[in-house]
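# only geometry, no sequence info:
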């Protein structure tokens, strides 16, 4: 199978046995999803064949896959938010009474399914009112209801809390044991592979690097298979840089922020950030981190409280004015906020500097040559890989696009950096590089606020950690002094509200 | 800046124009007119005499200005559909100034009329821009509605309070001072001195859009407003500013009609001139240089088309048909090109695989 001009899967042969949990790992762009989309009939292979239960797939359509008992739960759920759980599960084959659908019967069907598979949901709840973990259950039940006994889960834990992940794994083990289901799980979290799978296949650059029994390998071995070389994602050295005498670089004081619907998202958060330290914010997504970051960078108005950069309050300032105070920002959503995808790499690297003397005559006439030279310099300094600085940023891979954002923001050499999800959807190679860039910034005396949904990342990089739950700080920790399990307890509302 | 995509795009444009002309020929043949002769007449009508050339250039100038007005707003992410109304108000404002200041030196009167036209058009564009920026009201709807408001308002003024007492003028305002009128450059053609102003404005708009930091910031605002805002660009201001400039240019087009041709405001001052320019701009995807060139092409088609109708009885609506077909093809262009590319890639990959299998 190819995307235009790209071999996404190159001569891959796999056999997956009934009743096993089969993990498929690889970096972004390694071809995992393409391979599974072929199995689920969303893409047809250019050459080669797929055989399910002894029969060759011919039409490569999802309906053929479903007929063969193959079901897929996508990364982004395909549910109708305003429908109930039962309506969603029976959608497309809903029980009818005359021309009306029979809601009572639908509920009964779902209750049967719940009993059979042990996946607890309430059939009458509206989907937009239940948690993400439950929505995922609804997706799984939907495929089971359609008679699937081969279930493909595409990065199922990306959106789950540690507790929900445990529950999901519990369910997976149960349906494999009791129903002899076959589970294929796509992931790039290696400890999950170790925790749940019987066998694991590693893909790199469209090719299958190896298929192993999980009990014969460890995380380290898998990581080097994925990247093709040794990777060291161990802890990083944190030479002390902070000077306790310094005035704080950022002061956040009882900050309150509303979300897009006008509901309180941040309900009184306070902390101080000093030069030379990384303050990590740990929390399940949707607990106010995004709004906190947007408030600190003036992208969202403060509802209450104050944020000071050095001694200057940002109340009433525009994002540009906050930048001028010395704040650079790597936003959580690079495609929506961090870049302009149709603009070329050069444009994306120069934004914010176009009026500087070296890049324009009197701030008006752009000096294209100097700009291009500067972009090329950043391009190589930050090891961005792609077809050069003249292609649209949107044509780069996620990791390289992120490097463009990091390069631009880090090159401002500001005393304060606000970084949100720096390595989301980024392959291990780029992740390694970005982590090193962040550490270098810290060691050179930058004050860094780091928000991430990836606990490993927070543990590697942070000097201090704040846990945040429902818009409040629930605890402050030194990463080396707290276990992840305990930290996630605070991230899910455990513990008392702590003084930060 | 986007050199990488140009060849594809130019090819598609060429093919679209070629196919449209071919289809036009087909229609002529079907209706019993020899196509070659038809196109020949069209060409002659557009360039055959000095007068024809003058008319073609004048038409192109109008298309070019209105097209650039569309493009400069579009660059900052605002779709100005209200140019027609802005044009009417500009024409009206300049006509009033030109009539009231009669007797003044043209060196004073004409610039004042110019300013009045730009102000009228600009203010009328500022309103929907502010509504969009402050209240997130869709500018397409407001500008369309404001068009009708402006046109009816001008019609009311022309038939009511500002109606001229002059004999033989059914619906028009008082005549402006004849000394204010633009000189004709070619006798009996509509080409006037305003072409020089047009050229200057076209150059300026191109320069701002392509070479300045403001144009750069406008481009980013149009591509991804959220990104622009995050980067510290005052995107709201830019959007409003570009819309006001767009409106001012439209106002000027109205003034050129009054001071070049009619000598007063008349209710038929524009025949959907703005929409024609808007289409030209859309065909070349708001590329300023493309607009200048494409205006010449469509200017020639329009002028040649009427000549063809007059001399051969081939309806000039053929020109509209050809124009629509080009737009149709250009709209489909992106889809067609990417589909062809995907197929090409598939075939190439299959070949590579087969070759590898043989080895």
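Sure thing, it's come through. All values derive from a computational prediction rather than experimental measurement.

# Average pLDDT for stretch A:427-442, rounded please.
For stretch A:427-442, the mean pLDDT works out to 89.

# What parts of the stretch 351-500 of chain A come near chain B?
Proximity of the stretch 351-500 of chain A to chain B, by C-beta under 8 Å from any C-beta of the partner chain, involves residues A:351-352, A:354-355, A:360, A:363-366, A:390-392. Where C-beta positions appear, they are placed from N, C-alpha and C, glycine not excepted.

# Pick the one among the residues you listed closest to residue B:294.
Distance to residue B:294, by C-beta to C-beta, is smallest for residue A:392 among those, at 24.1 Å.

# My read is that that closest one contacts residue A:342, right?
Yes: the pair residue A:392 / residue A:342 is scored as a contact, 5.4 Å apart, by C-beta atoms under 8 Å.

# Which one's more surrounded, those two?
Between residue A:392 and residue A:342, counted using other C-beta atoms under 10 Å in any protein chain shown, the more crowded position is residue A:392 (20 against 16).

# in the sheet, who's paired with that one?
residue A:344 (DSSP bridges).

# OK, contacts around it?
Residue A:392 makes contact with A:341-345, B:2, according to C-beta atoms under 8 Å, 6 or more residues apart in numbering or on different chains.

# Just give the nearest non-adjacent residue to residue A:132, would you?
What sits nearest to residue A:132 in space, not counting adjacent residues and going by C-beta to C-beta, 6 or more residues apart in numbering or on different chains, is residue A:159, at 4.9 Å.

# So what's the residue count around the one you found?
The local packing of residue A:159 (other C-beta under 10 Å) involves 20 other residues.

# now residue A:431
22.

# And for the one 4 residues further on?
Taking other C-beta under 10 Å as the neighbour definition, residue A:435 ends up with a count of 17.

# Would you mind naming the helix or strand containing residue A:211?
strand A:207-213 (DSSP states H and E).

# That should have said residue B:281, apologies.
Judged by DSSP H and E, residue B:281 forms part of helix B:273-283.

# which residues touch that helix?
Residues from elsewhere that reach helix B:273-283 (C-beta under 8 Å, 6+ apart): B:13, B:62-71, B:74, B:81, B:83-84, B:86-87, B:250, B:253, B:290-291, B:294-295, B:298, B:302, B:323, B:326-327, B:330.

# Quick one: mean pLDDT for that helix?
Helix B:273-283 comes out with an average pLDDT of 91.

# Now do the buried residues in the helix or strand following that helix.
Using DSSP H and E, the helix or strand that follows helix B:273-283 in sequence is helix B:288-312. For helix B:288-312, the neighbour count (16 or more other C-beta atoms under 10 Å in any protein chain shown) marks B:288, B:290-292, B:294-309, B:312 as buried.

# How about helix B:288-312 and chain A, touching?
No: Helix B:288-312 stays clear of chain A (C-beta under 8 Å from any C-beta), getting no nearer than 15.3 Å.

# what's the angle from that helix to helix B:273-283?
120 degrees (axes from the mean of the first three to the mean of the last three C-alpha atoms, to 10 degrees).

# check which helix or strand covers the most centrally placed residue in chain A.
Chain A has residue A:424 as the residue nearest its centroid, 4.3 Å off, counting by C-alpha atoms, centre = their mean. Using DSSP H and E, residue A:424 is not contained in any helix or strand.

# do the one 10 residues further on as well
Secondary-structure assignment from DSSP H and E places residue A:434 in helix A:428-443.

# just how off-centre is that helix within its chain?
Its chain's C-alpha centre and that of helix A:428-443 lie 17 Å apart, by C-alpha atoms, centre = their mean, to the nearest Å.

# other SSEs contacting the very next helix or strand once past that helix?
Next along the chain after helix A:428-443, taking DSSP H and E as the criterion, comes strand A:447-452. Here strand A:447-452 is seen to pack against strand A:264-273, strand A:278-282, helix A:289-296, strand A:416-420, helix A:428-443, helix A:455-461 when contacts are counted using 3 or more C-beta pairs under 8 Å, 6 or more residues apart in numbering or on different chains; DSSP states H and E.

# what residues does strand A:447-452 touch?
Residues from elsewhere that reach strand A:447-452 (C-beta under 8 Å, 6+ apart): A:249-250, A:273-282, A:289-290, A:292-293, A:296, A:332, A:415-423, A:438, A:441-442, A:457-458, A:461-462.

# how far off strand A:416-420 does it point, in degrees?
0 degrees.

# Quick one: distance of strand A:447-452 to the chain centre.
16 Å.

# What segments of the stretch 51-200 of chain B are helices?
Taking DSSP state H, counting those that start in this stretch, the helices of the stretch 51-200 of chain B run over residues B:83-100, B:106-135, B:139-159, B:194-211.

# Format these as CSV; extra columns: mean neighbour count, distance to chain A and mean pLDDT.
Putting those into CSV (neighbours: other C-beta atoms under 10 Å in any protein chain shown; distance: least, C-beta to the nearest C-beta, whole Å; pLDDT from 0 to 100) gives the following:
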stretch, mean neighbour count, distance to chain A, mean pLDDT
helix B:83-100, 29, 25, 95
helix B:106-135, 20, 14, 95
helix B:139-159, 17, 21, 94
helix B:194-211, 18, 6, 95
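
# can you list the ones you listed in a markdown table and add distance to residue B:165?
Converted to a markdown table, the helices of the stretch 51-200 of chain B look like this (distance: least, C-beta to C-beta, whole Å):
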| stretch | distance to residue B:165 |
| --- | --- |
| helix B:83-100 | 12 |
| helix B:106-135 | 21 |
| helix B:139-159 | 13 |
| helix B:194-211 | 28 |
